[in-house]
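>>> Predicted model follows, preceded by the sequence.
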Amino acid sequence: MRGALNGSSNCLKIGIAWWEPMINAHRHQGVTIATGSMKPVFDMIAGKLGMCQEYVLPPNGFYGIIQEDGSWDGMMGQLTRREVDLVTMLTLGANRAQYVDFSEVMFMDDQTIIYTRPQLKSDLAGFTRPFTGHVSLIQVFSSGVFNLDVHLSSPLRVVCGVWLLMALILSTVYRSNLKAMLIAPIYRLPFNNVRELAESSILRGVSGGTMAHRSIEEAPADSVLGSLREHWTVHNDIPRGIRDLRAGRLAIIGSSLALKNIIHNTFSQPAPASTSKYLVRTRKKNTRILSLCSSQTRTCPYYLMDEPFLAATIVGLGFPKNSTLKPLVDNVIRQLKEFGIIDYLRFQSLTGYDICLTDQGYHNILRPLNLADFYGTFCVYAAGLVLTAAVFLLEVLHRLFRHSA
């Protein structure tokens, strides 16, 4: 092994690439400074080994792609060239395992997709939603068919009474359902699985060199996963990708932890003073969190697919082949896992996502009715008034014609 165990240095050289909220780095006065919820893990590893730490950013800032000549760029290139002792937070893959050694499994992750939630808008045809077309026809028929001036026998009166009672029940249920749907409308997501996304024209974005990038790039063209390449963009400009996501121009494919962090950060950001406050339902397990930020506006504008398209991916640290440092670090990782420290660090920075997941975004908003919600009903009333006036006018003209005749 190079570095401290070879006597050339007493510091671990650690390659690092962006993976919020787990690990990130920035340059300050010529020194690379690491941040993120997993930073304490590397502090404890270095402390156990009695070494200092030196973080090294890859030249292109990302994980790395294998080149035509068989070499790697990015963080994987640092490992294969033995420029670093280990690298942070690497997802295990068959192609990577041929070139580097992986540590003890730190945790399991999955690959999923994030996109902007649809905006709730007033529905002009909302008054037709509570019942299906057949039930609506029965309701209309039952409300008006027996409003006739005819003499009915006793059995028919019983039938009419039962029928009108059913009409009353249907009308009452209709009003209740209509009010509920207007206040808390059901909205349809643009997509909720990979096939629906592939059939849409939504642009898909993925960071180069990641597990999601390789999986889509290597998938057959006629497969569902391969069809995502028809409308996709590959780049590592994370701020630009998040801006495009916020504007609804891009669906981001990647690690669920990184995407959950986007939801958490959006939820935790203070809103402008002019923004109206949302009322979040207080639940016992969220009372402490909500009490800390009740004076700020909280929104959940994004959603994740219900099912990941790549589940149970293994995350660990990467080492150069046959590194003598690996068994020492594995021992530290096992101890941290046994005490639950890694899981605690992994989830402590995602409280905002937990609240969004609990209340499902729009379901935590008390939405008052506005005038636009009744436009459809107003149109029906207006049409009824016009029709009634037309019938009345025809009756008047008919009577005048009879008198004149």
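Noted; the coordinates are in hand. Numbering: from 1, shown residues only.
>>> who touches the closest residue to Gly254 other than its chain neighbours in this structure?
Nearest residue to Gly254 in three dimensions, chain neighbours excluded: Ala212, at 5.3 Å (Cβ to Cβ, 6 or more residues apart in numbering). C-beta here means a position set from N, CA and C on the backbone, and glycine is covered the same way. Counting by Cβ atoms under 8 Å, 6 or more residues apart in numbering, Ala212 makes contact with 111, 206, 253-255, 310.
>>> same thing but 7 Å
For Ala212, the contact set (Cβ atoms under 7 Å, 6 or more residues apart in numbering) comprises 111, 206, 253-254, 310.
>>> Is Met108 part of a helix or strand, or is it coil?
Assigned with DSSP: H, G, I helix; E, B strand; the rest coil, Met108 falls in the strand class.
>>> Make 46 the first number, not 1, from now on.
Sure thing, new numbering starts at 46, so read that last one as Met153.
>>> So what pairs up with it in the strands?
Beta-bridge pairing of Met153 under DSSP bridges involves Ile359.
>>> picking up where we left off before, quick one, phi/psi of the residue nearest to Gly299?
Dihedral pair for Ala257: phi -60, psi -40, per degrees, to the nearest 10.
>>> Quick one, grab the pLDDT at it.
pLDDT for Ala257: 87.
>>> try the one 10 residues further on
At Asp267, the pLDDT value in this model is 89.
>>> How about Pro413?
Per-residue confidence at Pro413 stands at 65 (pLDDT).
>>> again, but for His408
46.
>>> same thing with Phe423?
Reported pLDDT for Phe423: 77.
>>> what secondary structure does it sit in?
Using three-state DSSP, the structure places Phe423 in helix.
>>> And for it, the neighbour number?
12 (other Cβ atoms under 10 Å).
>>> For it, give me its contacts.
Listed by Cβ under 7 Å, 6+ apart, Phe423 has no contact partners.
>>> those strands in the protein, which residues are they?
Secondary structure of the chain (DSSP state E): strands located at 56-60, 69-73, 76-80, 97-101, 131-136, 145-147, 152-161, 249-251, 277-279, 296-300, 347-349, 355-365.
>>> looking just at contacts, which helices and strands does the last one meet?
This means strand 355-365. Applying 3 or more Cβ pairs under 7 Å, 6 or more residues apart in numbering; DSSP states H and E, one finds that strand 355-365 makes contact with strand 131-136, strand 145-147, strand 152-161, helix 256-263.
>>> The fifth one too?
Using 3+ Cβ pairs under 7 Å, 6+ apart as the contact definition, the elements that strand 131-136 packs against are strand 56-60, helix 119-125, strand 355-365.
>>> between the ones you listed, which one is nearest to Pro200?
The closest of those to Pro200 is strand 355-365. By Cβ to Cβ, the value is 64.0 Å.
>>> Dump the C-alpha coordinates for that closest one into PDB.
Below are the C-alpha coordinates for strand 355-365, written out as PDB (Å, rounded to 0.1, in the frame of the first residue of the first chain):
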ATOM      1  CA  LEU A 355     -32.800  -0.400  -9.800                       C
ATOM      2  CA  ALA A 356     -33.300  -1.800  -6.300                       C
ATOM      3  CA  ALA A 357     -30.800  -2.900  -3.600                       C
ATOM      4  CA  THR A 358     -27.600  -1.400  -5.000                       C
ATOM      5  CA  ILE A 359     -24.600  -1.900  -2.700                       C
ATOM      6  CA  VAL A 360     -22.600   1.100  -1.500                       C
ATOM      7  CA  GLY A 361     -19.100   1.000   0.100                       C
ATOM      8  CA  LEU A 362     -15.600   2.400  -0.200                       C
ATOM      9  CA  GLY A 363     -13.300   1.700  -3.100                       C
ATOM     10  CA  PHE A 364      -9.600   0.600  -2.800                       C
ATOM     11  CA  PRO A 365      -6.900  -0.100  -5.300                       C
END
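>>> got a list of what Ile90 touches?
Counting by Cβ under 7 Å, 6+ apart, Ile90 has contacts 374, 377.
>>> okay, how far is it across stretch 148-156, tip to tip?
End-to-end distance for stretch 148-156: 21 Å, by Cα to Cα, to the nearest Å.
>>> a markdown table please, covering the strands of the chain and showing mean pLDDT, mean neighbour count and distance to Ala417.
Converted to a markdown table, the strands of the chain look like this (pLDDT from 0 to 100; neighbours: other Cβ atoms under 10 Å; distance: least, Cβ to Cβ, whole Å):
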| stretch | mean pLDDT | mean neighbour count | distance to Ala417 |
| --- | --- | --- | --- |
| strand 56-60 | 90 | 21 | 55 |
| strand 69-73 | 82 | 14 | 44 |
| strand 76-80 | 86 | 13 | 46 |
| strand 97-101 | 90 | 17 | 54 |
| strand 131-136 | 88 | 25 | 47 |
| strand 145-147 | 93 | 20 | 56 |
| strand 152-161 | 91 | 20 | 22 |
| strand 249-251 | 93 | 24 | 33 |
| strand 277-279 | 90 | 15 | 36 |
| strand 296-300 | 92 | 24 | 29 |
| strand 347-349 | 89 | 21 | 24 |
| strand 355-365 | 90 | 20 | 42 |
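>>> Understood, closing this out.
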